[in-house]
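Chemist: got a sequence here, can you build the structure:
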Amino acid sequence: MDVTGKKVLVFGSGISGIGAVKLLETHGAKVVLYDGNNALKAEEVKERLTPGSRAEVVIGTFPEELLSELDLVVLSPGVPTDLPIVEAMKAQKIRVIGEIELAYQYGRGDVLAITGTNGKTTTTSLLGEIMKNYQDDVYVVGNIGNPYTIVADDMTDQTITVAEMSSFQLETIDSFRPKVSAILNFTPDHLNRHHTMEAYVNAKKNIARNQTEEDFCILNYEDELTREFGKKIRAKVLYFSSRHTLEEGIYLEEGKIILAYGKKQEVCAVEDLKILGTHNYENVMAAAAMAYVYGVPMDVIRKSVKAFGGVEHRIEYVTEKNGVAYYNDSKGTNPDAAIKGIQAMNRPTVLIGGGYDKDSVYTEWIESFDGKVKKLILVGETKEKIARDADACGFHDYVFADTFEEAVLLAAKTAENGDAVLLSPACASWGMFPNYEVRGEKFKEIVNSL
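Modeler: Model (predicted):
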């Protein structure tokens, strides 16, 4: 991609947008950085750009006279593709791509990419550790918090890039083609953005769109949508399964993870892993399969998965106080993810839930309590909606809290010796916190101060 002398609009001034501006300017583009958020100040946004950047910063209402000047538009992941101004750009035949596609155009080496509703971060982090134990030139990028655009120019032909891909990032790719991809699962999420489950699923399926017979796609045999998708793609498919023995694939059998590909071999026993729960065993299977088909020796994979300690904010053990164990599962930002948190608990549990409404339904989450949850403490804008779903499910042991701190302190007061307190909100953090990480850190801060 040659952007020399071309006028390029970067839409969105978050960390991805800032990375895109730097990459484009490095390659000679004339950049306009635009953000529609009127609360931002152009001077403060400029301060976040690379020193010496000549990018023009535009905040607020989009100046439509700009449309006739643009050669390319790069959308940040948080920008909906169906905004009227984005539709106008497409109508003007201006090429519109995402930040991932931009980075891929300039990055080098091989890409191993992971998507799915739940488990992406754990699988990406684990695969990153495996690849780093295999060779030195490895970058872990994408939805995990490290923009691909920031490191794309540092890559060589020997680089391995491990990328966590969200649906937002995948709906704006063009030529992006991973050597090995994985789709972990599909459950309803971000429907306020994608509007339909079909649109959400189709965005994630883009991960394999450009793959060929030379590439691999690792898919979940237990998810009907991913299992069927495997019959329709060009890439070589390898399934993972937590419930079935596979003739070819990677699966869980009698407490052991077995890989049957070329030959049958044991990866590890689940009792040797530091991360808990069937969902995490699936994440290990996906990462191990991706590494193995890429060519990583089994002894490197085995050593890496046994050493892996998990991901912060994902069923993270915090501390034990007065016989009560505290777990931070702030990354449980939708009901399906939060179900995994409940399933991993092995004590009576006081659960903290609620937050921003992503148009989710909470009945399956409540039904998963299965006698484990002795009290549900609800906070945030969804608390009354969740309470209605709880009542419909016959679960009435809930109380409301006005603030997050009040919810944590009430949970600590409610829990008894031998119980667990679990923050697993089933909702996004927006409206109370900038992101789930800040929410999780606040939880740990309050708990550690008890």
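
Chemist: C-alpha from now on. contacts and neighbour counts both.
Modeler: Fine.

Chemist: what's across from His249 in the sheet?
Modeler: Wrong residue type there; residue 249 is Gly, not His. Per DSSP bridges, the residues bridged to Gly249 are Ala260.

Chemist: so it makes contact with Ile257?
Modeler: No. Counting by Cα atoms under 8 Å, Gly249 sits too far from Ile257 to count as a contact (10.6 Å).

Chemist: flag every buried residue along stretch 310-319.
Modeler: Residues 310-316, 318 are the ones in stretch 310-319 that count as buried (16 or more other Cα atoms under 10 Å).

Chemist: can you put the residues you listed in JSON lines and add pLDDT, distance to Gln105 and secondary structure?
Modeler: Formatted as JSON lines, these follow (pLDDT from 0 to 100; distance: Cα to Cα, whole Å; DSSP: H, G, I helix; E, B strand; the rest coil):
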{"residue": "Gly310", "pLDDT": "79", "distance to Gln105": "32", "secondary structure": "coil"}
{"residue": "Val311", "pLDDT": "82", "distance to Gln105": "30", "secondary structure": "coil"}
{"residue": "Glu312", "pLDDT": "86", "distance to Gln105": "31", "secondary structure": "coil"}
{"residue": "His313", "pLDDT": "91", "distance to Gln105": "32", "secondary structure": "coil"}
{"residue": "Arg314", "pLDDT": "85", "distance to Gln105": "32", "secondary structure": "coil"}
{"residue": "Ile315", "pLDDT": "87", "distance to Gln105": "36", "secondary structure": "coil"}
{"residue": "Glu316", "pLDDT": "85", "distance to Gln105": "36", "secondary structure": "strand"}
{"residue": "Val318", "pLDDT": "88", "distance to Gln105": "41", "secondary structure": "strand"}
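
Chemist: reformat these into JSON lines and put distance to Glu69 next to each item.
Modeler: Output for these, formatted as JSON lines (distance: Cα to Cα, whole Å):
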{"residue": "Gly310", "distance to Glu69": "47"}
{"residue": "Val311", "distance to Glu69": "44"}
{"residue": "Glu312", "distance to Glu69": "44"}
{"residue": "His313", "distance to Glu69": "44"}
{"residue": "Arg314", "distance to Glu69": "45"}
{"residue": "Ile315", "distance to Glu69": "49"}
{"residue": "Glu316", "distance to Glu69": "49"}
{"residue": "Val318", "distance to Glu69": "53"}
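
Chemist: tell me the spacing between Glu416 and Leu378.
Modeler: Distance, Glu416 to Leu378, by Cα to Cα, to the nearest Å: 19 Å.

Chemist: my bad, Ile315
Modeler: Distance, Ile315 to Leu378, using Cα to Cα: 19 Å.

Chemist: for the stretch 151-300 of the chain, what spans make up the helices?
Modeler: For the stretch 151-300 of the chain, applying DSSP state H, counting those that start in this stretch gives helices covering 167-170, 191-194, 197-205, 224-229, 278-294, 298-307.

Chemist: which one of those helices lies nearest to Val373?
Modeler: Set against Val373 and scored by Cα to Cα, the helices of the stretch 151-300 of the chain come closest in helix 278-294, at 19.3 Å.

Chemist: the closest one to helix 298-307, inter-axis angle?
Modeler: Counting by axes from the mean of the first three to the mean of the last three Cα atoms, to 10 degrees, helix 278-294 lies at 160 degrees to helix 298-307.

Chemist: what comes up buried for helix 278-294?
Modeler: For helix 278-294, burial by neighbour count (16+ other Cα under 10 Å) applies to 278-294.

Chemist: ditto for stretch 15-35
Modeler: Buried residues in stretch 15-35 (16+ other Cα under 10 Å): 15-25, 27, 29-35.

Chemist: ok, now stretch 331-347?
Modeler: Across stretch 331-347, burial judged by 16+ other Cα under 10 Å covers 331-343, 345.

Chemist: alright, I will stop here.
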